[in-house]
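Asks: any chance you can model this:
(3 chains)
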Amino acid sequence: MLADRKKHKSILVVDTCPQEDSDEPDQMIVDMLEDTGFDTDKIHFTTVFDHFIEKPSKSMIRKNTHLQDELRRIKPKFVLLVGNTALQAALGKTGIKKERGRPEEIDGTVFYPVYSPAYVGYDERQAPILKMDIVNFQNIVTHGKIPREEGLSVRIVRSLADFRRCVRDLAGIVSYDLETSGLYPWAADAEIRSLGFGTADHQWCIPIHHPDISWTAEEIEYMIDELDQRMQSGEVKLITQNGKFDMLWSRVKYKLRWKMYFDTMLAHYLLDENMNHDLKYLSKIYFNAPDYDVDVEIKQFRGPLNKCCEYQAHDLYYTRKLYFRLKKELKQDLGVQNVFDHILMPCANLFVGIEYRGVFVNHQDFDKAEKHLRAKIADSLKVLGKYADINWGSPKQVGSLLYEKLKLPILVKTKKGAPSAGESALKQIDHPLSKALLEYRGAKQQLSFFIEGWKPYLDKNRLHPSFKLHGTVTGRLSCENPNLQQVPRDPLIRSLITAPPGYTLVEVDLSQIELRIAAHMADEQNLLSAFERGIDAHWLTMTREMGRSGSNAKLVLETASALVQRKVKNFGEAIDIIFEAGPDACAELDPRWKEFRKKAKAINFGYLFGMWWRKFIQYARDNYDVEVTEKEAQDSRISFFDSYPGFEPWHKAQRKFASRHGFVRSLSGRKRRLPDAMSNRDTPEKQEALRQSINAPVQSFANELNLMALLQISEEYPAPICYPVGTVHDACLLEVRDDMVAEVTRRMLKIMEGPDLLKKFDIHLKVGIEGEAKIGPWSKGVSLEKWEKQYAEKV
DNA sequence: TGCTGATGCGCG
DNA sequence: AAAGCGCGCATCAGCA
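Replies: Here you go, the predicted model:
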């Protein structure tokens, strides 16, 4: 009891300044402290300024000595810094968002920054964070110091003798972690600052580049060599947290090709796709670890050596510890365990190579495209300049010009009810300005996304996009820096991506894969038999819809007549003729058929995944300048489900399963957790979850098929014959050595029809899978037949 | 001045 | 009552 009291006396709470009307400390803080178990009567309260002050400036805080006086007078052991001003006055740094919850010890006093109650009042979502921080502060006070992980045993390698001890300790389950100068290994000054290994007994830090340690180049080379030999021995199983990052750096900087055995981030991704997967968060929820996050300076190994190593040691320690825990959790669920073992971990290792290789960019075309876009922007600006001198990139300014100055009718509103200056609005506005503006926006966006946006990442002739295997809740990959998956289909941009001399780019995609999977899952007989007969599903939907609605009668009769070379007068007969002829034959006669098929594609996906007819009206208007009446839209939806009667029962079953169990699974066993689906109330969130229960397994499995094929082809045709360079959801991009293009393409198409891994997952599809290959610069590729002809002529 | 959220648009 | 799903990036506006 006595000890407690003594401790309490040494606590100081620092706010910004007294309130205008009272000298009492802030009530929210007092309440939170008491809720956590503090006796606030025994806590000192003070402020940075001894009088009320509206907005303290940086220099005012610097000049003010009140807090320093208080610190000298009270000599607290624990100081709670409330808000950014207190943080700055006490520690001389700002940035409460970053610093909150990070204790710092100076001369035996622990300073602990938290949000100010004013901020919480302004944004109440921050309240739980403040509360959590206060609890952590209490934890520090009862411990009497910043809690340290007790299992930690840091070993800093300062000599070759240390290093040899380290290598001897590397056996069995070993965590691996690097500290680097940044995130992009191809940056000009990028370097690995420290290698770390976590074993059962120690956390070994090998500071390669730190001001306090100096190695000769030979010594570094020796150590890397020794480590490489140790890894090749097969006696070490490497555990990583987002190890693709560390392995990529290791490969770029030291040509190392180590294999990851288990990645904790990917494991947790499969166990709960809805949460974060960063190590600090995982250590906290699994082991109640303290927040050991530090400034970038220390993360990048520029701070005091022992602090840097201690940080790295935490990463190593928890990564290894997480392995044992997550391994057990995966074991509880055979479905996700399979996805982890046979897809995610192999892909993690494969994608190191994919990112290392990157995609090849044609430099000449790149410069040409830049010039072309700049000219286009200048031209449209010339036109726009006649109307006003404003920032044409600002929707607000454009909006006020359109609707206030020019008094154009407001046809579309934004979600917040403001008059919209978006694409859908501009398309409906009949004014020369809108055309120029649309052109301007398009060119400007292409320039800033794909020309300017790519420049910082260009490493000679290559981009190295980063794929996140944990990037989506459905299991698809996401891609960034830059995002290869959002490159426009416009050949001006897309064809910039190609292959280097001696190699050819091959894109292979799974044709209509989501519809095929849906047909399988729903056991939808009409669609299944359509696929069996080799009919294009979008074409089927399109002709059915036209036959029902009787739209575009003139075109239908004309095309049918041209196809059979006689006058066709009966509409139904004409539709049948068109259906049998297929999209390619019709598109040759009239390009509109291509558009109609595209529209049907959107209808298929929209209605299949729960789109309502209202959205269809908007879609038809925005994309096809077609005004569809409410009745027509409603009918089209009904007609879709009449055409494919298997879908409704399947939708029902998915929804029912999700609302009962709170999750659904894809064919591979991957789980999509949808807790909102279990809600008793019929909220928009629940409806959203129910729609996801239909979409997620389809999207998820489409991606898995694609990855299975990618894994298999890269095993059968490894470098230097074939380099996988990326995926775009249902497509793979490969760079294939010129002399092997036909063989590899043919094999890949075959693999896509049924990857070997399907057997391992015991999946038997009722529907055939087809691949489609395009050979040549991206978006300009040709079919295998065409390519072989051209290639034969060239040789 | 640097962050966050909203918007808009590219892709599947 | 309201109803396709999944992403990343640039830009602007609003705020501290």
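Asks: residues in contact with stretch A:354-374?
Replies: Stretch A:354-374 is contacted by residues A:244, A:248, A:251-252, A:443, A:446-447, A:451, A:454, A:458-459, A:461-467, A:484, A:492-493, A:495-500, A:503, A:505, A:723-726, A:733, A:735, A:777 when judged by C-beta atoms under 8 Å, 6 or more residues apart in numbering. To be clear about C-beta, it is placed using only N, CA and C from the backbone, and glycine gets the same treatment.
Asks: and the residues you listed, which of them are buried?
Replies: Buried by 16 or more other C-beta atoms under 10 Å: A:244, A:248, A:251-252, A:443, A:446-447, A:451, A:454, A:458, A:462-467, A:484, A:492-493, A:495-499, A:503, A:505, A:723-726, A:733, A:735, A:777, out of these.
Asks: circling back: out of the contacts of stretch A:354-374, list just those in strands.
Replies: Applying DSSP state E to these, the entries found in strands are A:462-463, A:466-467, A:497-498, A:503, A:505, A:723-726, A:733, A:735.
Asks: do the lengthiest helix in chain A and DNA strand C meet?
Replies: Taking DSSP state H as the assignment, the helix of chain A that covers the most residues is helix A:684-716. Yes. Judged by C-beta under 7 Å from any atom of the strand, helix A:684-716 comes into contact with DNA strand C through A:Pro684, A:Gln687, A:Glu688, A:Arg691, A:Gln692, A:Asn695, A:Ala696, A:Gln699.
Asks: next one: stretch A:382-391
Replies: Yes. Applying C-beta under 7 Å from any atom of the strand, one finds stretch A:382-391 touching DNA strand C at A:Asn391.
Asks: same question for that stretch: list its buried residues.
Replies: A:Leu384, A:Tyr387.
Asks: and stretch A:475-482, by the same measure?
Replies: Of all the residues in stretch A:475-482, those buried under the rule 16+ other C-beta under 10 Å are A:Gly475, A:Arg476, A:Leu477, A:Cys479, A:Pro482.
Asks: run through who's touching it.
Replies: With C-beta under 8 Å, 6+ apart as the criterion, stretch A:475-482 contacts A:184, A:273, A:339, A:449-450, A:453-454, A:457, A:463-469, A:471-472, A:485, A:666, A:670, A:699-700, A:703-704, A:726-727, A:729.
Asks: now with 7 Å?
Replies: A:453-454, A:457, A:463, A:465-469, A:471-472, A:485, A:670, A:699-700, A:703-704, A:727, A:729 (C-beta atoms under 7 Å, 6 or more residues apart in numbering).
Asks: what does stretch A:93-100 give?
Replies: Stretch A:93-100 is contacted by residues A:Gly83, A:Asn84, A:Leu87, A:Gln88, A:Pro113, A:Val114, A:Tyr115, A:Asp133 when judged by C-beta under 7 Å, 6+ apart.
Asks: just stretch A:188-207 next, same as before
Replies: Contacts of stretch A:188-207 (C-beta under 7 Å, 6+ apart): A:152-157, A:163, A:166, A:169-170, A:174-182, A:184, A:208-210, A:213, A:223, A:249, A:253, A:300-301, A:305, A:308-309, A:312-313, A:316-317, A:319-320.
Asks: so which of the residues you listed belong to helices?
Replies: Counted as lying in helices by DSSP H, out of the contacts of stretch A:188-207, are A:163, A:166, A:169, A:223, A:249, A:253, A:305, A:308-309, A:312-313, A:316-317, A:319-320.
Asks: just the residues you listed now: which is nearest DNA strand B?
Replies: Set against DNA strand B, the nearest of these by C-beta to the nearest atom of the strand is A:Cys308 (21.8 Å).
Asks: that closest one against A:Lys299, yeah?
Replies: No. Checked against C-beta atoms under 7 Å, the pair A:Cys308 and A:Lys299 is beyond contact range at 8.0 Å.
Asks: that older thread, near DNA strand B, list only the ones from the buried residues of stretch A:475-482.
Replies: Within the buried residues of stretch A:475-482, nothing lies near DNA strand B by C-beta under 7 Å from any atom of the strand.
Asks: which non-adjacent residue is nearest the residue of the stretch 551-700 of chain A found nearest DNA strand B?
Replies: Going by C-beta to the nearest atom of the strand, DNA strand B is nearest to A:Gln699 of the stretch 551-700 of chain A, at 5.9 Å. Once flanking residues are discounted, A:Gln699 sits nearest to A:Thr474: 4.5 Å by C-beta to C-beta, 6 or more residues apart in numbering.
Asks: do the same with A:Asn274
Replies: In space, A:Asn274 is closest to A:Arg673, 5.9 Å off (C-beta to C-beta, 6+ apart).
Asks: same thing with A:Arg193?
Replies: Nearest one to A:Arg193, counting by C-beta to C-beta, 6+ apart, is A:Phe301 at 3.5 Å.
Asks: any chance of the backbone angles for the one you found?
Replies: Main-chain torsions, A:Phe301, degrees, to the nearest 10: phi 60, psi 40.
Asks: from A:Phe609, how far off is the residue nearest to A:Asn274?
Replies: Distance, A:Arg673 to A:Phe609, using C-beta to C-beta, to the nearest Å: 19 Å.
Asks: then A:Val725?
Replies: Taken as C-beta to C-beta, the span from A:Val725 to A:Phe609 is 30 Å.
Asks: who's in contact with stretch A:268-278?
Replies: With C-beta under 7 Å, 6+ apart as the test, stretch A:268-278 has contacts from A:265, A:282, A:326, A:329-330, A:336, A:339-340, A:344, A:470, A:473, A:670, A:672-673.
Asks: helix or strand with the lowest mean pLDDT in chain A?
Replies: Every helix and strand of chain A was ranked by mean pLDDT, DSSP states H and E. The lowest is helix A:2-9, at a mean of 47.
Asks: burial measure for whichever residue of the stretch 151-300 of chain A sits closest to DNA strand C, as a count.
Replies: Closest residue of the stretch 151-300 of chain A to DNA strand C, C-beta to the nearest atom of the strand: A:Glu273 (7.9 Å). By the criterion of other C-beta atoms under 10 Å, A:Glu273 has 20 neighbours.
Asks: equivalent analysis for A:Ile146, please.
Replies: Neighbour count of A:Ile146, defined by other C-beta under 10 Å: 17.
Asks: roughly how far does it sit from DNA strand C?
Replies: Separation of A:Ile146 from DNA strand C (C-beta to the nearest atom of the strand, to the nearest Å): 27 Å.
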